[in-house]
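**Q** What shape does this take:
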Amino acid sequence: MVKRYLEFIKESTKYEYGCVMVDYNFENWSDLLESISQEDIYKVDGKNYGLQPRPHLTLLYGLHKEVNDEQIQKCFYEMTEDDFKVQIDGVSLFENPEFDVVKLDVVKTSNLEEINKRLSELPNSNQFPEYKPHITLAYIKKGSGQKYIDSSYKYQIKNISKIVYSRPDNSEYNIQL
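**A** Numbers count the residues shown, from 1 in each chain. Take a look at the predicted model:
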């Protein structure tokens, strides 16, 4: 499992795959990022780690190059912005040998499961069979994450900025609902 995650991170920085995500407007995003100590931030030159400047919920990562915008758009048939309003239920971690990932836990809804299922029917290399919706705050040094865990943190996200298909070439397509 850990090896697969490290391979996933390595591949994700190359933009070989596409990703569909919901960008959110957080009123307190900068406050959340400022709560992460600068000494704890995991940095590697030329890699996409550190603080997450773009608050987003990944719906599916790993879409292949042959997947086109029209196929993505069809997955959102009969969905509205209301389907993507989410509840945050705590701050937790993903841990691996190199670093910890501080994340906001998103309450899994039937709408999120449905769109993940629809997108998963397209050609993809997603290696995580269980969808665990979350919003990444930061990649931090291994062992530094425990102090950021806060099961009492709650937040309702109602302001969707946009839903985006980030193509494998790193260009973007905005999805219309």
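
**Q** can we go C-alpha only for contacts and neighbour counts from here?
**A** Will do.

**Q** so what's the nearest residue to residue 69 once chain neighbours are set aside bridging to?
**A** Leaving aside its sequence neighbours, residue 69 sits nearest to residue 173 (C-alpha to C-alpha, 6 or more residues apart in numbering; 6.9 Å). For residue 173, the beta-bridge partners under DSSP bridges are residue 165.

**Q** which ones are touching residue 173?
**A** Neighbouring residues of residue 173 by C-alpha atoms under 8 Å, 6 or more residues apart in numbering: 69, 164, 165, 166, 167.

**Q** Which of those are buried? Put it as a ChimeraX command.
**A** Remark: buried members of the contacts of residue 173, expressed as a ChimeraX selection using 16 or more other C-alpha atoms under 10 Å:
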select :164,165,166,167
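
**Q** will you turn the contacts of residue 173 into CSV that also has pLDDT?
**A** Formatted as CSV, the contacts of residue 173 follow (pLDDT from 0 to 100):
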residue, pLDDT
69, 98
164, 97
165, 98
166, 96
167, 96
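
**Q** any idea which of the contacts of residue 173 is closest to residue 60?
**A** Ranked by distance to residue 60 (C-alpha to C-alpha), the contacts of residue 173 are led by residue 165 at 9.6 Å.

**Q** max-length strand in this protein?
**A** Secondary structure of the chain per DSSP state E: the longest strand is strand 86-95.

**Q** I'd like the distance from the next helix-or-strand element following that one to the chain centre, please.
**A** Where DSSP states H and E defines the elements, the next helix or strand beyond strand 86-95 is strand 99-106. With C-alpha atoms, centre = their mean, to the nearest Å as the basis, strand 99-106 stands 10 Å off its chain's centre.
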